[in-house]
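*Asks:* Sharing a model that was predicted from the sequence below.
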Amino acid sequence: MALNVAEVAPETVRQAPTRRRRAGGPGARRPVLAHTFLVLLVLYFALPLWWLVVGSTKNINGLFAGSGGPLWFDDEFHLFDNVAQLFTQGGGLYWRWLGNSFLYAFSGGIGATVLSILAGYGFAKYRFRGRNLLFAAVLGSVMVPMTALVIPTFMLLAQMELTNTIWAVILPSLLSPFGVYLMRVYTQEAVPDELLDAARVDGAGDLRTFFNVALPLLRPAIVTVLLLSTVATWNNYFLPLAVLSDTRLLPVTVGLGQWQAQSQSGAAGSQLWNLVVTGALISIIPLIISFLSLQKYWQGGLSLGSLK
């Protein structure tokens, strides 16, 4: 027993300074700094959401001169009153705007995802003349801001007599260059060429190989593109503002912007600040539900891509 202690003791003595250095050295401060930075990021992103939740429980006087301050609740709770007034204002106009946002986001998200899948799979698994040039054009379009394309898009839609229609918002939303790029990169890594060759050897055609072999492997990337496309269409503000003039066709983002402008100008003595804040809170609830319900597929796709 003494021999074993003697043999182990030198190792313990040699390892002790190393442990002390790890506990008090520069490396020990890195997790603290990283955690502090992450906490600051959480506060930075969560603070506006907290203000939105608090502000939706106040009336107009509470928003500007409340006793609880901008980041805390007042003595009076007006959330349900604000919601009731929100859905009855202008004959239930908010319901119409919310339905329009669902229509634009659902149509644009589904359409952009389908086109991204087909284009990304084609770029990744087929060899054709001009493939690299076309893909370079797609990557170049990713760097062009969408606001720079609004005026040319408006001119094109005006020539086709599609302005002030739902197609003026849906058709431009079907194009997602970033979705095409993401699907191509993911398809190259997640769908081996040997697997496709084995399916063709077994007698499967291109369509059957795509739907039965490749498409199930692309589910994480499909969910990711669907989420990004849907959120981008839902949050789109400048395009509907430029191509729509009918109030009943506006999405909720532009509709709330009109109420905000009306409140700032004081037109007809109307102040709708409490409705703008409450409407903004309700408008983000579908996005939160979508992310939470599809989170496992999205995270699985990101982790699989990193491992590949």
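*Replies:* Yep, that arrived. Residues are numbered from 1 along each chain as shown.
*Asks:* Average pLDDT for stretch 176-190, rounded please.
*Replies:* Stretch 176-190 carries an average pLDDT of 91.
*Asks:* same deal with stretch 215-224?
*Replies:* 90.
*Asks:* what's the distance between that stretch and the middle of its chain?
*Replies:* 16 Å (Cα atoms, centre = their mean, to the nearest Å).
*Asks:* same check, this time on stretch 135-148
*Replies:* Counting by Cα atoms, centre = their mean, stretch 135-148 is centred 18 Å from the centre of its parent chain.
*Asks:* which stretch of helix or strand covers residue 124?
*Replies:* Secondary structure assigned from DSSP states H and E places residue 124 in helix 93-125.
*Asks:* Give the buried residues for that helix.
*Replies:* Buried positions in helix 93-125, judged by neighbour count with 16 or more other Cβ atoms under 10 Å: 93-94, 96-98, 100-101, 103-105, 107-109, 111-113, 115-117, 119-125. All C-beta spots, glycine's among them, are computed from the backbone N, C-alpha and C.
*Asks:* shaky segments in the stretch 51-200 of the chain?
*Replies:* The model of the stretch 51-200 of the chain has no residue with pLDDT under 70.
*Asks:* which residues of it fall in helices?
*Replies:* Shown for the stretch 51-200 of the chain, the helices assigned by DSSP state H, counting those that start in this stretch span residues 60-65, 79-88, 93-125, 131-142, 150-159, 167-173, 177-190, 193-201.
*Asks:* Show me what the fifth one is packed up against.
*Replies:* Meaning helix 150-159. helix 167-173, helix 238-243 (3 or more Cβ pairs under 8 Å, 6 or more residues apart in numbering; DSSP states H and E).
*Asks:* Adding mean neighbour count, write the ones you listed out as TSV.
*Replies:* Converted to TSV, the helices and strands packed on helix 150-159 look like this (neighbours: other Cβ atoms under 10 Å):
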stretch	mean neighbour count
helix 167-173	20
helix 238-243	19
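*Asks:* ok, back up a step: quick one, which of the helices of the stretch 51-200 of the chain gets closest to residue 292.
*Replies:* helix 93-125 (16.6 Å; Cβ to Cβ).
*Asks:* Can you pull the domain assignment for the chain?
*Replies:* 1-46, 56-88, 91-307 (automatic domain parsing).
*Asks:* if we can go back for a sec, next, the angle from the helix holding residue 124 to helix 193-201.
*Replies:* 80 degrees (axes from the mean of the first three to the mean of the last three Cα atoms, to 10 degrees).
*Asks:* what about the closest residue to residue 168 other than its chain neighbours, distance to residue 63?
*Replies:* The shortest distance from residue 168 to any non-neighbouring residue, by Cβ to Cβ, 6 or more residues apart in numbering, is to residue 243 (3.9 Å). Separation of residue 243 from residue 63 (Cβ to Cβ, to the nearest Å): 32 Å.
*Asks:* what's stretch 254-265 in contact with?
*Replies:* 93-94, 97, 237, 240-241, 244, 247, 250, 270-273, 275-276, 279-280, 283 (Cβ atoms under 8 Å, 6 or more residues apart in numbering).
*Asks:* Just the buried ones among those residues, please.
*Replies:* 93-94, 97, 240-241, 244, 250, 271-273, 275-276, 279-280, 283.
*Asks:* and which of the residues you listed is nearest residue 37?
*Replies:* residue 280 (28.3 Å).
*Asks:* Pretty sure the closest one sits against residue 52.
*Replies:* Yes. Between residue 280 and residue 52 there is a contact under Cβ atoms under 8 Å: 6.1 Å.
*Asks:* who does the helix holding residue 124 touch, helix- and strand-wise?
*Replies:* helix 79-88, helix 131-142, helix 167-173, helix 177-190, helix 219-234, helix 252-265, helix 273-293.
*Asks:* wait, doesn't residue 176 sit right on residue 227?
*Replies:* No. In this structure, residue 176 is not within contact of residue 227 by Cβ under 8 Å, at 11.6 Å.
*Asks:* So those two - more neighbours on which side?
*Replies:* residue 176 (26 against 19; other Cβ atoms under 10 Å).
*Asks:* Distance of that one relative to residue 182?
*Replies:* 9 Å.
*Asks:* so what sits against both of those two?
*Replies:* Taking Cβ under 8 Å, 6+ apart as the criterion, residue 176 and residue 182 both touch 116, 225.
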